[in-house]
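Asker: structure, please.
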Amino acid sequence: MAEYVLDHHLDGERSRLALMSRLLDPMHRRHLEALGVHPGDRTLEVGCGNGSISAWLADRVAPGGTAVADDIDLSLVDVRPPNLELRTDDIVAGPIDAGSFDLVTARAVLHHVADADAALRNLVASLKPGGVILLIEPDFLPVSVAEPPEVEAFWDGWLAWSRDAGIDYHIGRRLAPRLAALGIEDLAGTAETAVYNGGSAWATYWIDTVTELRDQLTASGHLTAALIDGFLTRCADAAWWTETIAFTAVHGRRAPHS
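Answerer: Below is the predicted model:
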C-alpha cells in the first residue's frame, strides 16, 4: 500500500478520524444493513481506521460470528469487543484468509493504494463463494466545480497535489466495471454527496484535513498560502454553501461456484 498521507500519528488525526466516522458511518451502516449482516457471519473491513464500523459489525455478527478489522496501523482502534479480531495484513500483497468471509468492506482506502487492481483482486479473493462485497470510494466531481473561482482554484491545486502523491480521487466511478471484470455479480451502487456550509461538521473536517497537510500542500508547488487561507476562511463562513466529495458505494456478490 502507498504511504498514507494522513499518518495516524499526526497531531489531531484521532479527532479527524472520529469526525469522519460521524460523517460517513451512517451511510456505511445503511448500505451494510441493506445487504444483510447476520449472527454467525465472518466479516472483514480493510482500512478500519478507528474501528467504528468493525465494532458495529462485531455487534451484528454476535453470537457466533467474528469481525476482522485490518489496517496498516491499529493504534487508533479503541473499541475492542471480544469477537473483533485485529489484523495488519497488506491487502495489496494477497488475500486475507482467502475464501473465508461472508462480507468484505472497505471505505476510502483504494484511492490511496498504489496498486488498486491488486487490492481489488485480493478483496474479492477474500470472499466466500456467494459472499458480498461493499466498497465506498470518492469521486471528486462535485468538489472540483465548487464556487467561487478562488475555491475552484484551491481544489484544482489539491487535485494536482493528490495526483503527484499517487491518490486517485476519481476511483469511485470506476469501481463497478473493475468489480465486474473480477466476476462480481448483482452489481449495484449509488453516489451521494453532502451540501454543507461554513462552520458545519463537513467544513470542520476540511479545516482539520487541510491544516494537517498544509506543509505538504505548499511544498508541492500546486497551492499557495493565499489559496489555502482563502479556502479556510470560506470554511468558517456560515454564509458559504458548497458540496463535498461524492462517495460512491458499490456492492455485489461473488459467484456461488467461483
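Asker: could you list every helix and strand that the top strand by length along the chain packs against?
Answerer: Longest strand in the chain by number of residues, with DSSP state E as the criterion: strand 127-139. The helices and strands touching strand 127-139, judged by 3 or more CB pairs under 8 Å, 6 or more residues apart in numbering; DSSP states H and E, are helix 13-35, strand 101-107, helix 116-125, helix 175-181, strand 246-254. Placement of C-beta: from N, CA and C, glycine included.
Asker: other residues contacting the longest one?
Answerer: Applying CB atoms under 8 Å, 6 or more residues apart in numbering, the contact partners of helix 13-35 are 6-8, 49-50, 52-53, 56-57, 60, 76, 103, 105, 107-108, 132, 134, 136, 192, 194, 201-202, 204-205, 208-209, 212, 247, 249, 251.
Asker: distance between it and the chain's centre?
Answerer: 9 Å (CA atoms, centre = their mean, to the nearest Å).
Asker: list the buried ones in it?
Answerer: When neighbours are counted by 16 or more other CB atoms under 10 Å, the buried residues of helix 13-35 are found to be 13, 16-17, 19-21, 23-24, 27-29, 31-32.
Asker: tell me what the helix or strand hosting residue 210 is packed against?
Answerer: Assessed by DSSP states H and E, residue 210 sits inside helix 201-219. Counting contacts by 3+ CB pairs under 8 Å, 6+ apart, helix 201-219 packs against helix 13-35, helix 149-164, strand 195-197, helix 225-235.
Asker: wait, which of these is closest to residue 88?
Answerer: Shortest distance between residue 88 and the helices and strands packed on helix 201-219, using CB to CB, is found for helix 13-35: 17.0 Å.
Asker: thinking again about what came up before, so which of the helices and strands packed on strand 127-139 gets nearest residue 218?
Answerer: Smallest distance to residue 218 across the helices and strands packed on strand 127-139 (CB to CB): 19.4 Å, for helix 13-35.
Asker: toward the C-terminus, what is the element adjacent to the closest one?
Answerer: Read in the C-terminal direction, the helix or strand following helix 13-35 is strand 42-46, with elements assigned using DSSP H and E.
Asker: can you list the strands that that following strand pairs with?
Answerer: Using DSSP bridges, strand 42-46 pairs in its sheet with strand 66-70 (parallel), strand 101-107 (parallel).
Asker: hmm, back to that, buried ones among the contacts of helix 13-35?
Answerer: With neighbours counted by 16+ other CB under 10 Å, these contain buried members at 6, 8, 49-50, 52-53, 56-57, 60, 76, 103, 105, 107-108, 132, 134, 136, 194, 202, 204-205, 208-209, 212, 247, 249, 251.
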